[in-house]
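Peer 1: Structure for the following, please:
(3 chains)
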Amino acid sequence: MWQSLALPQSQLCLSAVLKCGQSFRWMVAGAAPNQEYRLCLRERVVCLKQDPTTLFYRTILPDPQPSALHWPLRDAETLIWLNDYFQLDVDLQTLYSKWAARDKVFSSIETRFAGIRMLRQDPFENLISFICSSNNNIGRITKMVQSLCRHYSPSLLSLPDPVDPLIQVQYHPFPPPAALAAPEVAATLRDLGFGYRAKYIQRTAKMLVDAHGSGDLAEKFLAGLRNATTEDAREELLKFVGVGRKVADCVLLMSLDKKEVVPVDTHVHQIAIKHYGLKGSLSSKTSMTPKLYEEISTRLVAVWGDYAGWAHSVLFTSDLKAFSSHGVVATEIALPTPPPTPSPLKRKVPTAEATESNVVPASPLTERAKRRRAA
DNA sequence: GCTAGACCCTGC
DNA sequence: CAGGGTCTAG
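Peer 2: Numbers count the residues shown, from 1 in each chain, chains lettered A, B, ... in the order given. Below you'll find the model as predicted:
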């Protein structure tokens, strides 16, 4: 049943990575120390748990169960998925060392927050989840995403709750774009408590379906952005509704392989002010202008290097309390390379118009869309 | 281009 | 009254 994979917690800490606001769909089962995590994929549920040296995984499939002979294959598929999802070919120890060498703030928390790595998520799920994240908290985002799955994706299978085996828990995959594109979805989501984000989700799903059909081409398109440059992929994401710079950057980092991207939210802003000498106030909220966003993001990339987005995730997950409780004083960081930022680099004007594969037809451009296209 | 307000809902 | 922002109007 359970398979094992040698993997120290310094390479992956499930409790820190799975419930810190990267993915909002992992179910936690069991008590604190040795708990189990479950995620429902399109055709299987993946279960995980770990001890200090080993990652344990098992696959659960809907009925009818495959014959005993097929289980090794199913587990092999799950292992392939694990390597991809957790990006296990990336050595986290090496990255931590590099960040620590470049950054005093980082070196002071290095050992206390090991095993925090970037997941490689499904782009559509990632996009919709982070449209939900605007002006919101992790608890509610989690409820919203689960509600979305419950209402718009049929249950794949059900399992007894490990805590109370008398209760059956349903496992739903994340719904595809076509399931969310119908106009009435907006009203339903609003009733479900999504607030003003309801229409963003429906409209974004509809844009994808209109442009790529109701098959899996829409998801293929999003996944295809992994091969685009960061700038081009960001430009595509910003065309969707409810997607601003921060949400776009989260998707770039968490599902489109743009490891250097540092999303800037209020929390990161506070970290930047407190520990990296960025301007702003710790008490009063200074508004996040596009210019300030760019400054913060660029600065942090200069500090952390090409895996800056991953480093950002470690600090974000660590939480500010960890810093203050250990007397790490805010200091100016000696930058390895003083951010030369030679005044706004001449942004290359998009010479080629949108290509066949990425153009979103119909739906007259809103003022905002025109603006964004022009930029 | 850049700055305010509004926006759904929940927890402190 | 702010929370992992974005949209729309001036």
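Peer 1: Please make it C-alpha for all contacts and neighbour counts, starting now.
Peer 2: Will do.
Peer 1: list the contacts for A:Thr286?
Peer 2: Residues near A:Thr286 by CA atoms under 8 Å, 6 or more residues apart in numbering: A:Gly280.
Peer 1: Quick check: the gap between it and A:Ile296.
Peer 2: 13 Å (CA to CA, to the nearest Å).
Peer 1: A:Gly193 sits in which helix or strand?
Peer 2: Per DSSP states H and E: A:Gly193 is located in neither a helix nor a strand.
Peer 1: count of residues packed around the residue nearest to it when sequence neighbours are not counted?
Peer 2: Excluding the flanking residues, the one nearest A:Gly193 by CA to CA, 6 or more residues apart in numbering is A:Met144, at 7.6 Å. A:Met144: 21 surrounding residues under other CA atoms under 10 Å.
Peer 1: ok, A:Met144 touching A:Cys132?
Peer 2: Yes: A:Met144 is within contact range of A:Cys132, at 7.5 Å (criterion: CA atoms under 8 Å).
Peer 1: what residues are shared contacts of the two?
Peer 2: Counting by CA under 8 Å, 6+ apart, the shared contacts of A:Met144 and A:Cys132 are A:Phe194.
Peer 1: separation between the closest residue to DNA strand B within the stretch 1-150 of chain A and A:Val209?
Peer 2: Per CA to the nearest atom of the strand, A:Asn135 is where the stretch 1-150 of chain A lies closest to DNA strand B, at 5.4 Å. Look at A:Asn135 and A:Val209: by CA to CA, they are 27 Å apart.
Peer 1: in what helix or strand does the residue of the stretch 101-250 of chain A with the smallest separation from DNA strand B lie?
Peer 2: Nearest residue of the stretch 101-250 of chain A to DNA strand B: A:Gly195, at 3.1 Å (CA to the nearest atom of the strand). Under the criterion DSSP H and E, no helix or strand holds A:Gly195.
Peer 1: okay, it: pLDDT?
Peer 2: Looking at A:Gly195, its pLDDT stands at 97.
Peer 1: Skipping adjacent residues, who's closest to it in space?
Peer 2: A:Gly195 sits nearest to A:Leu189 (CA to CA, 6+ apart), 7.8 Å away.
Peer 1: my read: A:Trp248 touches A:Leu238, true?
Peer 2: Heads up, residue A:248 is Ala, not Trp. Yes: between A:Ala248 and A:Leu238 there is a contact under CA under 8 Å: 6.4 Å.
Peer 1: More neighbours: which of the two?
Peer 2: A:Ala248 (25 against 20).
Peer 1: That one should be in a strand, yeah?
Peer 2: No: with DSSP: H, G, I helix; E, B strand; the rest coil as the criterion, A:Ala248 is helix rather than part of a strand.
Peer 1: and the gap between it and A:Glu231?
Peer 2: The gap separating A:Ala248 from A:Glu231 is 11 Å, by CA to CA.
Peer 1: what do you get for A:Arg112?
Peer 2: Going from A:Arg112 to A:Glu231 by CA to CA gives 34 Å.
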